[in-house]
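Peer 1: Sharing a model that was predicted from the sequence below.
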Amino acid sequence: MDDRIIKTEYSELMQKSFIDYAMSVIIARALPDVRDGLKPVQRRTLYDMHELGVRYDRPHRKSARIVGDTMGKYHPHGDSSIYDALVVMAQDFKKGMALIDGHGNFGNIEGDGAAAMRYTEARLQKVTQEAFLADLDKDVVDFMPNFDETEKEPTVLPVKIPNILVNGSEGIAVGMVTSIPPHNLAEVIDAMKAYMRDENITTRELMKYVKGPDFPTGGIVINQDDLLEIYETGVGKIKIRGKVEYEKGKNGKTNLVITEIPYPMIGANIAKFLSDVAALSETKKTADIVDISNQSSKEGIRIVIELRKDADVENFTNLLYKKTRLEDTFGVNMLAIYNGRPEIMGLKQILKANVDFQFEVATRKYTNLLARETERREIQEGLIKACNVIDLVIEILRGSKDRNMAKACLVEGKTDGIRFKSRESRIMAAQLCFTEKQANAILEMRLYKLIGLELEALINEHEETMANIYRYEDILERKDSMAQVIINELEGFKKEYGRKRRTRIENAEEAVYKEKEVEEMEVCFLMDRFGYARTIDMATYERNKEAADSENKYVFPCKNTGRICLFTDTGQLYTIKAADLPFGKFRDKGIPVDNVSNYSSEKENIVFITSQTELNLCQVVFVTASSMMKVVDGGEFDVAKRTVAATKLAEGDKVVSVVTLHHQNNVVLQSRQGYFLRFSLGDVPEKKKNAIGVRCMKLAEGDLVENAYFIQNSVPVSISYKEKEIVLNNLKMNKRDSKGVKVRV
């Protein structure tokens with residue numbers, strides 16, 4: 001038993017296993033091969049459709065049949081991955097050139113998914129049949145056993161166009177990601193031809209042909225100057241905007257119409273864009289929007305935003321570019337499998353890899369064709385020679401006892417055992433020297449071949465075969481001839497499948513949005529006990545002062561251009577722009593502060609609210625449940641972030657009180673067990689906001705500080721504690737960090 005136990009280091013085993021797993025994902029699933037631009041699941045699906053005969057000139061077949069056959073023969077990783085790959089290859093809004101002709105619901109640009117595979121049908125596109133699968137019968141690529149070694153599958157498809165550039169690719173592997181944008185077929189073919197004419201061509205010169213990416217959704221690439229570096233290194237960021245048009249609306253209004261969207265917006269991001277535009281109006285970033293509607297259809301994208309009559313259309317468009325995904329970024333990382341390993345490649349490297357592959361495929365193709373034509377020539381010459389001595393051949397056949405005897409005579413001139421009509425015939429038969437293949441062809445030849453017209457056709461066929469042999473030999477011997485053949489094929493694909501560029505390439509200035517200047521004025525902030533906040537003008541507040549003070553938990557003046565600061569029991573500070581709060585009449589309902597800040601009423605409670613202006617003029621005192629206190633300069637909270645840590649807390653502690661200091665000089669801490677401690681605020685040191693503070697009250701086990709009262713010696717302050725009135729000014733003064741006195745009820 002011990003002999004069968006292999007002892008090894010666990011870390012080494014894990015390392016090896018993870019590397020094997022990572023390489024399996026990288027090579028066998030996530031990354032495309034630079035030669036055909038396909039991931040294994042895509043390649044297997046297309047090959048299976050080819051084998052099933054689901055071609056462009058035949059009826060569609062159920063997707064479930066294709067998926068099941070692919071999974072059973074070549075890709076045993078689940079049907080969803082196969083069907084997802086099939087669907088994407090049929091979506092012309094995702095691919096520069098769809099490879100599958102889908103019939104039924106294959107999803108749409110707005111993110112709706114495809115119907116189940118049992119409902120949809122598919123077949124190959126004509127370009128897929130002609131440019132991806134046409135020469136598989138000519139031994140142009142290597143085949144390998146499938147997962148259970150019952151079938152053979154190609155290691156790569158003999159694709160005749162740079163598909164990795166035309167359709168692009170996206171995939172996430174282990175520790176690496178590929179993101180290749182789609183390009184224009186005609187431009188890529190022109191660049192490939194230019195590289196074949198001059199292998200020393202630079203990337204800059206290649207970009208005279210490949211202007212940049214050509215997304216199926218159109219749009220405008222706005223950083224043209226960055227493209228050269230992106231195509232040299234294979235890495236970078238492409239900035240792309242949607243296409244916007246302006247139309248005259250009703251009553252002199254202007255309609256802003258989006259007819260093309262950035263490529264990253266396809267899918268659910270269209271709905272996100274619509275909600276973001278609506279949010280601009282709801283949060284009062286703009287007041288120009290009257291209505292927004294999505295009028296997109298099969299004819300294309302059409303999102304209409306109706307603007308107010310006096311709207312600054314250009315400024316509003318810049319707002320959309322800045323605040324929504326109408327301007328977005330496509331991250332480029334041109335990573336592909338090259339010579340069996342993942343490699344980031346620039347434009348020239350990709351074209352070189354594809355050109356080398358085309359020469360390799362062409363060499364194997366024409367070597368195979370030459371061998372076939374040479375074999376045909378041998379047989380044709382044998383048949384022509386046999387027709388010239390057909391009487392002798394017939395005499396040999398009639399005089400032979402079996403096929404082997406006749407064949408031996410035709411090949412080696414053996415006449416033993418064969419009955420001839422004359423001695424001259426035997427002598428002539430002994431001089432025959434057909435090859436094995438010629439002899440077999442003669443023995444299998446039908447009598448109708450002896451008709452004059454058939455003989456003439458055989459001679460013409462032989463002449464055609466000789467012409468093909470000379471042509472194939474020229475292609476194989478001269479690189480220029482082979483290059484011209486490849487170029488002619490590329491020209492044919494460009495002529496039949498090329499189309500105009502959809503994406504515009506330019507250098508555009510950064511979108512600058514100018515917010516309308518708001519006249520600064522003093523307003524009154526109101527927040528009720530339910531957390532609904534709003535602002536009103538000071539005159540309205542003065543008229544309704546009594547009602548405002550009694551109905552609201554927080555009431556204080558602030559600037560309409562300023563910020564409101566919320567301190568919570570978790571030690572966080574949240575800021576809200578006063579302009580984000582509704583401004584109106586006294587009886588108008590406000591909005592929850594949760595909606596205009598990062599504060600969540602479900603996770604924390606508000607302890608104190610004030611204006612940023614007030615904070616800048618005062619010191620702020622923090623008191624926690626564990627009796628930690630500190631004084632902080634209010635200017636420390638004048639920060640640009642919407643959320644910052646206002647104070648540091650020990651684990652399990654929370655803030656119970658935050659106040660701004662004006663004329664208070666004493667503080668009274670009240671604990672849960674009824675202890676009151678009065679001491680001077682001068683005993684509390686000033687700290688930074690990220691400090692934890694000092695202990696100010698000795699607490700018994702299980703006791704906590706519940707309240708903190710800040711008082712002036714000259715101003716009597718009384719509170720009600722368990723139905724007993726306590727005058728805080730009458731409490732005995734103690735030192736900080738004392739236990740205090742217990743109030744008997």
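Peer 2: Cool, the structure landed.

Peer 1: which strands and helices sit next to the helix or strand where residue 486 lies?
Peer 2: According to DSSP states H and E, residue 486 maps onto helix 479-497. Helices and strands touching helix 479-497, by 3 or more CB pairs under 8 Å, 6 or more residues apart in numbering; DSSP states H and E, are helix 126-131, helix 185-197, helix 347-388, helix 452-477. (C-beta placed from N, C-alpha, C; glycine too.)

Peer 1: how about a cut-off of 7 Å?
Peer 2: Here helix 479-497 touches helix 185-197, helix 347-388, helix 452-477, going by 3 or more CB pairs under 7 Å, 6 or more residues apart in numbering; DSSP states H and E.

Peer 1: got the angle between that helix and helix 452-477?
Peer 2: Using axes from the mean of the first three to the mean of the last three CA atoms, to 10 degrees, the direction of helix 479-497 lies 110 degrees away from that of helix 452-477.

Peer 1: how about CSV for the helices and strands packed on helix 479-497, with mean pLDDT and distance to residue 216 added?
Peer 2: CSV is the format used below for the helices and strands packed on helix 479-497 (pLDDT from 0 to 100; distance: least, CB to CB, whole Å):
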stretch, mean pLDDT, distance to residue 216
helix 185-197, 95, 12
helix 347-388, 90, 20
helix 452-477, 86, 36
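
Peer 1: Most tightly packed of those helices?
Peer 2: helix 185-197 (a mean of 21; mean count of other CB atoms under 10 Å).

Peer 1: Run through who's touching that helix.
Peer 2: 96-97, 161-162, 165-166, 201, 206, 209-211, 351-352, 354-355, 483, 487, 490, 493-494, 497-498 (CB atoms under 7 Å, 6 or more residues apart in numbering).

Peer 1: quick revisit: parallel or antiparallel, which strands does the following helix or strand past the helix holding residue 486 pair with?
Peer 2: Using DSSP H and E, the helix or strand that follows helix 479-497 in sequence is strand 504-505. Counting by DSSP bridges, the strands paired with strand 504-505 are strand 220-221 (parallel).

Peer 1: wait, isn't residue 611 in contact with residue 564?
Peer 2: Yes: assessed by CB atoms under 7 Å, residue 611 is found in contact with residue 564 at 6.1 Å.

Peer 1: between these two, who's got more neighbours?
Peer 2: residue 564 (25 against 19; other CB atoms under 10 Å).

Peer 1: Which secondary structure element is home to the more buried one?
Peer 2: Using DSSP H and E, residue 564 falls in strand 563-568.

Peer 1: again with residue 520
Peer 2: Applying DSSP H and E, one finds residue 520 in no helix or strand.

Peer 1: Who are the contact partners of it?
Peer 2: 559, 560, 561.

Peer 1: Just the buried ones from the residues you listed, in PyMOL syntax?
Peer 2: Buried members of the contacts of residue 520, defined by 16 or more other CB atoms under 10 Å, are picked up in PyMOL with:
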select buried, resi 560
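
Peer 1: Looking at the helices and strands packed on helix 479-497, spot the one closest to residue 225.
Peer 2: helix 347-388 (15.9 Å; CB to CB).

Peer 1: list the helices and strands that closest one packs on?
Peer 2: Judged by 3+ CB pairs under 7 Å, 6+ apart, the packing partners of helix 347-388 are helix 185-197, helix 203-206, helix 436-444, helix 452-477, helix 479-497.

Peer 1: tilt between the last one and helix 185-197?
Peer 2: Think helix 479-497. Using the same axes, to 10 degrees: helix 479-497 against helix 185-197 is 170 degrees.

Peer 1: again with the fourth one
Peer 2: What separates the directions of helix 452-477 and helix 185-197 is an angle of 70 degrees, with the same axes, to 10 degrees.

Peer 1: coming back round to it: buried stuff in the helix holding residue 486?
Peer 2: Across helix 479-497, burial judged by 16+ other CB under 10 Å covers 482, 483, 485, 486, 487, 489, 490, 493, 494, 497.

Peer 1: between those residues, which is nearest residue 268?
Peer 2: Relative to residue 268, the closest of those is residue 497; by CB to CB it sits at 30.7 Å.

Peer 1: quick one: residue 156 and residue 43, what's the gap?
Peer 2: Per CB to CB, to the nearest Å, residue 156 is found 7 Å from residue 43.

Peer 1: Give me the common contacts of those two.
Peer 2: Common neighbours of residue 156 and residue 43 (criterion: CB under 7 Å, 6+ apart): residue 36.

Peer 1: Compare these two and say which is more crowded by neighbours.
Peer 2: Taking other CB under 10 Å, residue 156 and residue 43 do not tie; residue 43 has more neighbours (24 against 18).

Peer 1: Helix, strand, or coil at the nearest residue to that one once chain neighbours are set aside?
Peer 2: Excluding the flanking residues, the one nearest residue 43 by CB to CB, 6 or more residues apart in numbering is residue 157, at 5.7 Å. Local secondary structure at residue 157 is given as coil here, using DSSP: H, G, I helix; E, B strand; the rest coil.

Peer 1: Find the least confident helix or strand in this protein, judged by mean pLDDT.
Peer 2: helix 10-25 (a mean of 73; mean pLDDT, DSSP states H and E).

Peer 1: Tell me which residues are up against it.
Peer 2: In contact with helix 10-25 (CB under 7 Å, 6+ apart) are residues 173, 174, 175.

Peer 1: nearest to residue 332, of these?
Peer 2: residue 173 (16.5 Å).

Peer 1: Without its sequence neighbours, what residue ends up closest to the closest one?
Peer 2: residue 30 (3.8 Å).

Peer 1: could you flag which of the contacts of helix 10-25 are buried?
Peer 2: Going by neighbour count (16+ other CB under 10 Å), those have residue 173 buried.

Peer 1: Tell me which of the contacts of helix 10-25 fall in helices.
Peer 2: Using DSSP state H, no member of the contacts of helix 10-25 falls in helices.

Peer 1: Let me have the contacts of helix 10-25 in JSON lines, adding pLDDT and distance to residue 17 as columns.
Peer 2: Formatted as JSON lines, these follow (pLDDT from 0 to 100; distance: CB to CB, whole Å):
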{"residue": "173", "pLDDT": "79", "distance to residue 17": "17"}
{"residue": "174", "pLDDT": "76", "distance to residue 17": "12"}
{"residue": "175", "pLDDT": "77", "distance to residue 17": "15"}
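
Peer 1: which one of the contacts of helix 10-25 is nearest residue 718?
Peer 2: For these, the nearest to residue 718 is residue 175 (68.2 Å; CB to CB).

Peer 1: Turn the buried residues of helix 479-497 into JSON lines, columns for distance to residue 698 and pLDDT.
Peer 2: Output for the buried residues of helix 479-497, formatted as JSON lines (distance: CB to CB, whole Å; pLDDT from 0 to 100):
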{"residue": "482", "distance to residue 698": "94", "pLDDT": "94"}
{"residue": "483", "distance to residue 698": "92", "pLDDT": "94"}
{"residue": "485", "distance to residue 698": "95", "pLDDT": "94"}
{"residue": "486", "distance to residue 698": "90", "pLDDT": "95"}
{"residue": "487", "distance to residue 698": "92", "pLDDT": "95"}
{"residue": "489", "distance to residue 698": "91", "pLDDT": "94"}
{"residue": "490", "distance to residue 698": "88", "pLDDT": "95"}
{"residue": "493", "distance to residue 698": "87", "pLDDT": "95"}
{"residue": "494", "distance to residue 698": "87", "pLDDT": "95"}
{"residue": "497", "distance to residue 698": "85", "pLDDT": "95"}
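
Peer 1: Check those residues against residue 603 and report the nearest one.
Peer 2: Using CB to CB, these come closest to residue 603 at residue 497, 57.0 Å.

Peer 1: I'd say the closest one and residue 127 touch.
Peer 2: Yes: between residue 497 and residue 127 there is a contact under CB under 7 Å: 5.2 Å.

Peer 1: Spell out which residues are contacts of both of those two.
Peer 2: With CB under 7 Å, 6+ apart as the test, residue 497 and residue 127 both reach residue 97.
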